[in-house]
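Novice: Compute the structure for the input listed below.
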Amino acid sequence: MIKSMTGFGSSTYSFKDAEIYCEIKTVNHRFLEISTKPNDLNNSIDLYVRDTLTKKLKRGSIDVRFRFKTQSGNSYSVNTDSVKNLLKSIKDIPNINSNNINFSDIKDLPGVIKSEKGKGAEDSLIKKTFNNCLKQLIESRELEGLKIKKVFLSKIKKISQNALRISSSNKKYTKKRFINLKKKISDLTNNIDSNKFEHEVAMLVLKHDVAEEIERIKFHCSSLQKEITSNKTSGKKIDFMLQELFRETSTLSVKLDEPNYKKIALDMKLLVEEMREQAQNIE
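Specialist: Reported below is the predicted structural model:
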């Protein structure tokens, strides 16, 4: 199953005089990169979040945010001890006047703002909210993956059909090219051994024969289709297979010099390029 690396999930859990809110956003990334906020989230929850995400997701940049609200509506408070220690440290730095530093300059530093999550929010409830949020995220990634799968299968079908169009005319086109090339060269040469002459012409024509490229394109299309419809789809594997398919369609477009067929080959190459861009978002 194809899963997109782009997704979003959110969940809210209200209890007593407090509320827990969690949201998870994901975008494409070569590896699995996890970020959690607030920065002072207790270690056991932070560890649980990271461990669960590592088991459930393979790749992507993951941004997990929690918000804790009490009945009074105060979600955060200033850690005055941390601010005092920070300003004291700044005073010890030469050529820096701590009097010119505003709160806005330091508010985003770790430890300056602390969340009021300790007031009634038990770890089990935080985990429950997170798991509900993660479920939504996974569903959104799978839904986006289905859209990508549909687009890929459509483009692979077009590439396969175009390959068959070229293949069905390849022998006829090669024979025609041999006759035309032989005529052009014979008009320019005299007193050349006929057997050697025909051999050289055949070798020139062979350089433009696309039978091997067509077979490899058909093979890559079949392999891609199997990978896309399998239960364990790998974005990295799909990307590699598309690189190989791109190489073959590029060679095909270079070898073909008949305008109509060349245009078909270039269209195939464009379809592969489009899939390569989309493949960057597959988990």
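
Novice: in the sheet, who's paired with residue 8?
Specialist: residue 25 (DSSP bridges).

Novice: ditto for the one 4 residues further on
Specialist: As for beta bridges, residue 12 partners with residue 21 under DSSP bridges.

Novice: So it is in contact with residue 23, correct?
Specialist: No: with contacts counted by C-beta atoms under 8 Å, residue 12 stays clear of residue 23, the gap being 9.5 Å. For the C-beta atoms, the positions are set from N, CA and C on the backbone; glycine is no exception.

Novice: These two: which is more packed in?
Specialist: Neighbours were counted for residue 12 and for residue 23 using other C-beta atoms under 10 Å; residue 23 has more, 17 against 14.

Novice: Name the nearest residue to that one, sequence neighbours excluded.
Specialist: Sequence neighbours aside, residue 10 is the residue nearest to residue 23 in space, at 4.2 Å (criterion: C-beta to C-beta, 6 or more residues apart in numbering).

Novice: Ramachandran angles for the one you found?
Specialist: phi -150, psi 150 (degrees, to the nearest 10).

Novice: Tell me, how many residues neighbour it?
Specialist: Counted with other C-beta under 10 Å, residues neighbouring residue 10 total 15.

Novice: Tell me how far it lies from residue 85.
Specialist: Residue 10 sits at a distance of 35 Å from residue 85 (criterion: C-beta to C-beta, to the nearest Å).

Novice: Kindly report the same for residue 23.
Specialist: 31 Å.

Novice: and if you look at residue 262?
Specialist: Residue 262 is 70 Å from residue 85, by C-beta to C-beta.

Novice: who has more neighbours, those two?
Specialist: Neighbours around residue 262 and residue 85, counted as other C-beta under 10 Å, are more numerous at residue 262. The numbers are 16 against 12.

Novice: Would you agree the more buried one is in contact with residue 256?
Specialist: Yes: if you go by C-beta under 8 Å, residue 262 and residue 256 touch, sitting 4.5 Å apart.

Novice: got the end-to-end distance for stretch 69-87?
Specialist: Taking C-alpha to C-alpha, to the nearest Å, stretch 69-87 runs 29 Å from one end to the other.

Novice: All the strands of the stretch 101-250 of the chain, residue numbers only.
Specialist: Assigned by DSSP state E, counting those that start in this stretch, the strands in the stretch 101-250 of the chain fall at 113-115.

Novice: shared neighbours, residue 12 and residue 23?
Specialist: Here residue 12 and residue 23 have no joint contacts, going by C-beta atoms under 8 Å, 6 or more residues apart in numbering.

Novice: Can you list the buried residues in stretch 149-168?
Specialist: Buried residues in stretch 149-168, defined by neighbour count with 16 or more other C-beta atoms under 10 Å: 149, 152, 155, 156, 159, 160, 162, 163, 166, 167.

Novice: who touches the fifth one in this structure?
Specialist: By C-beta under 8 Å, 6+ apart, the contact list for residue 159 reads 217, 221, 245, 249, 268, 271, 272.

Novice: what sits against residue 243?
Specialist: By C-beta under 8 Å, 6+ apart, the contact list for residue 243 reads residue 276.

Novice: For stretch 35-45, C-alpha coordinates in PDB please.
Specialist: This file holds the C-alpha atoms of stretch 35-45, laid out as PDB (Å, rounded to 0.1, in the frame of the first residue of the first chain):
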ATOM      1  CA  SER A  35      10.100  17.100  16.700                       C
ATOM      2  CA  THR A  36       7.900  17.500  19.800                       C
ATOM      3  CA  LYS A  37       6.500  20.600  21.500                       C
ATOM      4  CA  PRO A  38       6.300  22.000  24.100                       C
ATOM      5  CA  ASN A  39      10.100  21.600  24.700                       C
ATOM      6  CA  ASP A  40       9.500  20.800  28.400                       C
ATOM      7  CA  LEU A  41       7.200  17.900  27.700                       C
ATOM      8  CA  ASN A  42       7.900  15.300  30.400                       C
ATOM      9  CA  ASN A  43      10.500  12.700  29.400                       C
ATOM     10  CA  SER A  44       8.200   9.600  29.700                       C
ATOM     11  CA  ILE A  45       5.700  11.100  27.300                       C
END
